[in-house]
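Student: Have a look; sequence and predicted model below, questions after that.
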Amino acid sequence: PHLQPEREGMFHRGSGLNLTSGRYTAPIAGYYTFTATLHLVRGEQRRKGQPCRGNHLRVLICVQSLCQHNSNLETVSWLESGGDLFTISVTGVLYLQAGQYASVFLDNTAGSSLIIQSGSDFSAILLGV
């Protein structure tokens with residue numbers, strides 16, 4: 001897989017980030033600071049027959065895809081009805097064992113689909129062991 005930055009201004013150092021799977025795998029055990037910023041545009045509205053659970057978005061960074069456990073970072077943002085473009089960010093520190101991975105999840109309860117735009121980012125930096 002092509003793991004190098006795709007445009008100027010992006011950087012990639014180390015082998016932990018897999019751009020194909022969207023996962024960051026910790027090379028060593030330690031505390032990592034994670035940041036995800038998603039730029040979203042509203043897509044098609046859902047059909048009226050489909051239930052709508054709310055009008056908010058949750059963005060999570062989860063360890064081993066276990067978002068229901070405490071090993072995650074989470075932010076919630078309410079969608080305003082007027083706009084079609086949204087930016088939502090989550091940041092924080094997680095402890096990962098060597099070989100564990102973290103990845104970004106988007107929980108969309110809004111009444112329309114959302115498309116992640118270019119310029120969105122996901123980063124991980126080792127703080128210490």
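Tutor: Noted; the coordinates are in hand.

Student: now what about stretch 112-126, what contacts it?
Tutor: Stretch 112-126 is contacted from outside by 10, 16-17, 22, 24, 26, 28, 30-46, 57, 61, 85-86, 102, 104, 106, 108, using CB atoms under 8 Å, 6 or more residues apart in numbering. Where you see a C-beta, it was placed from the backbone N, CA and C, and this is true even at glycine.

Student: buried subset of these?
Tutor: Buried by 16 or more other CB atoms under 10 Å: 16-17, 24, 26, 32, 34, 36-40, 42, 57, 61, 86, 102, 104, 108, out of those.

Student: Looking at those residues, which are in helices?
Tutor: Judged by DSSP state H, helices contain none of the buried ones among the contacts of stretch 112-126.

Student: From the chain's centroid, how far away is stretch 104-122?
Tutor: 8 Å (CA atoms, centre = their mean, to the nearest Å).

Student: Which residues belonging to that stretch are considered buried?
Tutor: Here stretch 104-122 shows Val104, Asn108, Ala110, Gly111, Leu114, Phe122 as buried, counting by 16+ other CB under 10 Å.
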